[in-house]
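>>> sequence first, then the predicted structure, then my questions.
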Amino acid sequence: MTRLLGIYREKECSPGRHQSNDARLLEQVADSLRERGFSIELSTLEQARTRRVDAALVFSMCQGRAALDLLAGWERDGIHIVNSPRAARNTHRDRLPDLMLRAGVPFPATQIISTSGPAAPHAAVEEGIWLKRGDVHASVSADVQRVDSLAAFEAGRAEFASRGIGAAAVQAHRAGDEIKFYGVAGDEFFHWFYSGHSSGYVFEPSALPRLAARAAAAAGLDIYGGDVIVSPSGELTLIDLNDWPSFAPCRERAADAIADYLTRRVHAAWNPGLVSSANESAF
């Protein structure tokens, strides 16, 4: 029986209710894979690192830099991982803006600054900007802040520094309706919904999954989610991209779609003509 290994997200990257949502998704994917005839083991990265990994494929929700560095070593040793740790690292805010710019994906102007020493945002603070931790995605609410004054900017930067966060992303604000989306590579699955109040700005529905797929391919992601702003004129702008989101609003359908995708990855025997962009040289 083919053996697969699933790895839970690190607790520090999965705060509060996200921890249970993340775990439920991984466990539902595991159940769907078992129904397809696979032998599945689920573990934390700490548990898995203490023994030899002999799985045909590892599906990992890890996001932190230390975890991704370890998984990258496994990948160099020939272990196949979804999402690739290189792809997961590409979603960190110190990499994502440049990747999206090179791929032609609409993305707000973003400046990476140090949280210590002198720094000033290039954007007009009084018009409102976003101050976000400059590495992994938000783990507490303070990791993403809307600021509209230099005093608020400096206070947010100092708060990051006090928590040992060395870099911050200063991102221009985009006005409009915010949409959250979830997807699986190869058009197997796509789900979206408005995040909060919507003004109902009209946009081309087919443009949303195309934009999401372009962004995911540029980063190398197979399992992905993110946030898009729809402007009053209907233009779409990506503002964030995530690897292995929890798919909480559509978990059951997503788990089956992810299991189908992972099954095809195993059965394809990693034929270079069949693997997804996560193992291409776009990094």
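Now that the structure is in, tell me what you want to look at. Numbering: from 1, shown residues only.
>>> number of nearby residues for T91?
Residues near T91, counting by other Cβ atoms under 10 Å, number 26. Quick note: C-beta positions are derived from backbone N, CA and C, even for glycine.
>>> tell me how far it lies from G128.
In this structure, T91 and G128 are 24 Å apart, going by Cβ to Cβ, to the nearest Å.
>>> next: P205.
Per Cβ to Cβ, P205 is found 29 Å from G128.
>>> comparing those two, which residue is more hemmed in?
Of the pair P205 and G128, G128 is the one with more neighbours under other Cβ under 10 Å, namely 14 against 8.
>>> so what's that one up against?
Contact analysis of G128 by Cβ atoms under 8 Å, 6 or more residues apart in numbering lists R146, V147, D148, H173.
>>> now the last one: closest residue in space that isn't a chain neighbour?
It refers to H173. Spatial nearest neighbour of H173, excluding adjacent residues (Cβ to Cβ, 6 or more residues apart in numbering): G128 at 4.7 Å.
>>> what about V82, how many neighbours?
By other Cβ under 10 Å, 25 other residues sit near V82.
>>> who's it bridged to?
F59 (DSSP bridges).
>>> ok, which stretches of the stretch 51-200 of the chain are strands?
57-60, 81-82, 110-114, 129-133, 144-147, 167-172, 177-184, 189-194 (DSSP state E, counting those that start in this stretch).
>>> and the first one, how far from the chain's centre?
Averaging C-alpha positions (Cα atoms, centre = their mean, to the nearest Å) puts strand 57-60 16 Å from its chain's average.
>>> which other helices and strands does it contact?
Packed against strand 57-60, as judged by 3 or more Cβ pairs under 8 Å, 6 or more residues apart in numbering; DSSP states H and E, are the following elements: strand 3-7, helix 65-76, strand 81-82, helix 251-267.
>>> go ahead and flag the most central residue of the chain.
N242 (1.5 Å; Cα atoms, centre = their mean).
>>> partners of whichever strand or helix holds that residue, with directions?
Assessed by DSSP states H and E, N242 sits inside strand 236-243. Looking at strand 236-243 with DSSP bridges, its partner strands are strand 223-230 (antiparallel).
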